[in-house]
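Engineer: sequence first, then the predicted structure, then my questions.
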Amino acid sequence: MKKRDLLLTGAAIIGSTWISQFWRQSQDSTPTDSAIAVDSTKATKRYKIMKTEEEWKQTLTPEQFHVLRKHGTERAFTSPLDKEYNKGAYNCAGCDLPLFTSDTKFNSRTGWPSFFAPIEGAIATTTDTSLFMKRVEVHCSRCGGHLGHVFDDGPKPTGQRYCMNGVSLKFVPV
């Protein structure tokens, strides 16, 4: 491959990534289960816990803020919660709402903590159209924090895989 072709390919990848991020920011999420938006300046729903960006920055680590409030994603295989299999609950790192139990956790081999079902009423979802694909984004129903995505390739009994960012969760052992 010529150096010029390599540079053009790299520029195309970087450009498409930038365009997808710009496009995502300019689009309103299409609700699937409930209408929510995490950015308080564009909020379409009031949550039980509402804070300004500055208040969130004071209570969350920079990585938690990036994931929970800015829809970021932690690197795969970096969360100790991926290999946590003790009995307990997985709570929202933003507001401490119990979201999942250890009884629904499984090893998806994706590098993120995965569950086949949330606690009833604990989550809300929206359609995420970033990166030129359509995914179902999972949020905390109490504070609106971004948790991860849900896919239809999980185990029985639900067939769903709630692929969560470990930094958005807090494990509480029983």
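Structural biologist: Sure, I can see it.

Engineer: report the separation between the residue lying closest to Lys87 once chain neighbours are set aside and Asn86.
Structural biologist: Nearest non-adjacent residue to Lys87, counting by Cβ to Cβ, 6 or more residues apart in numbering: Val174, 4.6 Å away. Placement of C-beta: from N, CA and C, glycine included. Separation of Val174 from Asn86 (Cβ to Cβ, to the nearest Å) stands at 8 Å.

Engineer: can you check Glu120 too?
Structural biologist: For Glu120, the distance to Asn86 (Cβ to Cβ) stands at 23 Å.

Engineer: out of the two, which sits in the busier spot?
Structural biologist: Between Glu120 and Asn86, counted using other Cβ atoms under 10 Å, the more crowded position is Asn86 (9 against 6).

Engineer: mind pulling the model confidence for the more buried one?
Structural biologist: For Asn86, the pLDDT comes out at 97.

Engineer: try Arg24
Structural biologist: Here the pLDDT value assigned to Arg24 is 43.

Engineer: Phe132 too?
Structural biologist: So, for Phe132, pLDDT stands at 80.

Engineer: swap in Asp128?
Structural biologist: As predicted, Asp128 sits at a pLDDT of 86.

Engineer: tell me which residue is most central in this structure.
Structural biologist: For the chain, the residue nearest the mean C-alpha position is Gly148 (2.1 Å; Cα atoms, centre = their mean).

Engineer: excluding chain neighbours, what is closest to that residue?
Structural biologist: Met164 (4.0 Å).

Engineer: list the residues that contact the one you found.
Structural biologist: Shown in contact with Met164 (Cβ atoms under 8 Å, 6 or more residues apart in numbering): Tyr90, Leu99, Phe100, Trp112, Pro113, Ser114, Phe115, Val138, Leu147, Gly148.

Engineer: can you pull out the low-pLDDT segments for the protein?
Structural biologist: Applying pLDDT under 70 to the chain flags residues 1-45.

Engineer: quick one: the strands in it, in order.
Structural biologist: Applying DSSP state E to the chain gives strands spanning 30-31, 88-92, 98-101, 105-106, 114-115, 123-128, 135-140, 146-151, 161-164, 169-173.

Engineer: adjacent strands (with direction) for the second one?
Structural biologist: This means strand 88-92. Sheet pairing of strand 88-92 (DSSP bridges) gives strand 98-101 (antiparallel), strand 169-173 (antiparallel).

Engineer: in that strand, which residues are buried?
Structural biologist: In terms of neighbour count (16 or more other Cβ atoms under 10 Å), strand 88-92 has its buried residues at Gly88, Ala89, Tyr90, Asn91, Cys92.

Engineer: all set now, cheers.
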